[in-house]
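Chemist: what would the 3D arrangement of this be:
(one chain, ligands or ions: 1)
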Amino acid sequence: MFGDDVHIDTTVLGDGDPDLAVVGGVHGDEPSGPRAIQHVLDRDPELQRPVKFVLANPAAAVAHRRYLDADMNRVFPGDPGSEDRERRLAAELKAELADCLTLSIHSTHSSVEPLAFVSGSNPDAQAVASQLPVSNVVNHDPAVDGAFTSCEGVVTVEAGRQLTENATTNATKMVRAFLRLTDALPEEPPESDPDFYTAESVAEKPEEEDAQLLAQNFERVEAGETYAETTDEEFVADESFYPILMSETGYDDIFGYRGAFVGEAVEEARAAWGTPPQDGE
Ligand SMILES: [Zn+2]
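Modeler: Predicted structure coming up:
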């Protein structure tokens, strides 16, 4: 159904060479990002700074599949010569947005509260994430390889539960907040006060069985507490942790991530993450 010749789809609004970007559809089965982008393009607002709007994997979106050959959000920086279409798309996306502060929109099987992911080594992305309308900002460097957020200047947001109206509404709010806090739109962004976490490790799940998750995302699990169970196995925490993006069905082989709370302010989080100073600081 799909040939080998797949590409990202970029539209520029505003005059000049953009150093801002909004990306949707890294995963083809998460339509909230592409819908939020379409919403902006349809309204064609007068932007004070030019912005690139990018559909990252149009072929997977048409197929309603997370990906065609490889999970694009695990293969950055990508490879232009790869046989896997997502590895080529990742390389194309990274090159296209090399100079851009970028918001990438996802939706999820777990948390309904919007959250942001950043790299601990990326102060520009952290500055954006700390001002978005999210409850939590998570550095996922220790637990995840090859995510788009590993590229400089990229913030990923999980807008809400996959395929819900709510996710699209949140994604649209997120785009508007991003454009406001980068002065592409004139209004002030809404006040925001997220907490900061590090995703430290993956919480594995038996692949074949129906598992039940007992813990709530971002609610502390104490050492000795049972956080999930199957008919014949209990999953007990060795040490206390905060569940992040945990769900029963979101991933084949993991529940999600075990995290640690690192602060209520971005400065505290940066101290915990060892983030280098931002340009101009
Ligand atoms: Zn996704």
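Chemist: is the spatially closest residue to residue 91 that is not a sequence neighbour in a helix, a strand, or coil?
Modeler: Nearest non-adjacent residue to residue 91, counting by C-beta to C-beta, 6 or more residues apart in numbering: residue 78, 3.3 Å away. To be clear about C-beta, it is placed using only N, CA and C from the backbone, and glycine gets the same treatment. On the three-state scheme (DSSP: H, G, I helix; E, B strand; the rest coil), residue 78 is labelled coil.
Chemist: and residue 138, which helix or strand is it part of?
Modeler: Assessed by DSSP states H and E, residue 138 sits inside strand 136-139.
Chemist: who does that strand pair up with?
Modeler: Counting by DSSP bridges, the strands paired with strand 136-139 are strand 115-118 (parallel), strand 195-204 (parallel).
Chemist: which residues sit against the first one?
Modeler: Residues from elsewhere that reach strand 115-118, judged by C-beta atoms under 8 Å, 6 or more residues apart in numbering: 125-126, 129, 132, 134-140, 147, 149, 155-158, 194, 245.
Chemist: repeat the analysis, applying 7 Å as the threshold.
Modeler: Identification of contacts with strand 115-118 by C-beta atoms under 7 Å, 6 or more residues apart in numbering yields 125-126, 129, 132, 134-140, 149, 155-158.
Chemist: same question for the last one.
Modeler: Surrounding strand 195-204, the residues in contact under the criterion C-beta under 7 Å, 6+ apart are 136-140, 142-144, 242, 244, 246, 253-264, 266, 268-269, 272-273.
Chemist: buried subset of the residues you listed?
Modeler: Buried by 16 or more other C-beta atoms under 10 Å: 136-140, 142-144, 242, 244, 246, 254-263, 266, 269, 272-273, out of the contacts of strand 195-204.
Chemist: okay, now the unreliable bits of the stretch 51-200 of the chain?
Modeler: Low-confidence segments of the stretch 51-200 of the chain, defined by pLDDT under 70, span residues 111-112.
Chemist: apply 80 and report the result again.
Modeler: Scanning the stretch 51-200 of the chain for pLDDT under 80 picks out 109-112, 162-163.
Chemist: point me to the residue of it nearest the ion.
Modeler: Residue nearest to the ion within the stretch 51-200 of the chain: residue 106 (3.4 Å; C-beta to the ion).
Chemist: send the alpha carbons of whichever strand or helix holds that residue over as CSV?
Modeler: Element membership for residue 106 (DSSP H and E) is strand 101-108. C-alpha atoms of strand 101-108 as CSV (Å, rounded to 0.1, in the frame of the first residue of the first chain):
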residue,chain,number,x,y,z
LEU,A,101,12.7,25.3,19.0
THR,A,102,10.2,22.5,18.5
LEU,A,103,6.9,21.3,20.2
SER,A,104,6.1,17.7,19.3
ILE,A,105,2.6,16.4,20.1
HIS,A,106,1.7,12.9,21.2
SER,A,107,-1.2,11.2,22.9
THR,A,108,-1.2,8.2,25.2
